[in-house]
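Chemist: Got a sequence here, can you model it:
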Amino acid sequence: MTFILYNPDGTIKTFMTYIADVPLAAGETYTETEESFEEVAAKFALSHFGEGCVTVRAHTGDPDIVIDVCATGLQSVSVDVNGDPHIVPLINDHGSITIPTNAPGTFALAPTDKRTFAAAGSGYLVVLVTENPD
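Modeler: Down below sits the predicted model:
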């Protein structure tokens with residue numbers, strides 16, 4: 001059993017296996033699902049070389065960063081990159097999105113649909129591109 005915690009605006013805040021000691025802020029709600037924690041987490045996941053929930057670091061001029069996207073049961077999913085939605089086609093629940101390294105920048109990736117998917121745990125990833133330290 002997994003508990004899904006919602007923000008007052010109806011977006012998913014997080015999910016957990018135990019909620020009894022978690023104080024809810026004003027307007028927050030939660031639901032219970034029979035799905036396991038792993039099943040809920042797998043509904044939307046971002047990773048780099050198999051590692052989720054990380055900050056990916058690169059320098060300008062490095063090869064572009066390929067982020068793996070997983071969303072169960074869909075043909076495509078929208079990934080939010082710094083507030084800009086990008087549609088990622090999926091084959092067998094998997095696809096990818098490429099982050100360029102031609103200029104420095106910070107790229108925050110999360111699901112665009114935060115009412116369906118959690119931007120928590122493996123549902124959130126940051127790519128940090130810094131100047132190449134010649």
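
Chemist: Domain map for the chain?
Modeler: Listed by automatic domain parsing, the domain ranges of the chain are 1-41, 43-134.

Chemist: Out of these, which one sits most buried?
Modeler: The highest mean neighbour count among these, using mean count of other Cβ atoms under 10 Å, belongs to domain 43-134: a mean of 16. In this view, the C-beta of every residue, glycine as well, is placed from N, C-alpha and C.

Chemist: Can you name the element that comes right after the strand or helix carrying V66?
Modeler: Under DSSP states H and E, the secondary-structure element containing V66 is strand 65-71. Reading on from strand 65-71 to the C-terminus, the next helix or strand found by DSSP H and E is strand 76-81.

Chemist: Span of stretch 121-131 from start to end?
Modeler: Between the opening and closing residues of stretch 121-131 lies a distance of 28 Å (Cα to Cα, to the nearest Å).

Chemist: Any idea how far it is from the middle of the chain?
Modeler: With Cα atoms, centre = their mean, to the nearest Å as the basis, the distance from the averaged C-alpha position of stretch 121-131 to the chain average is 10 Å.
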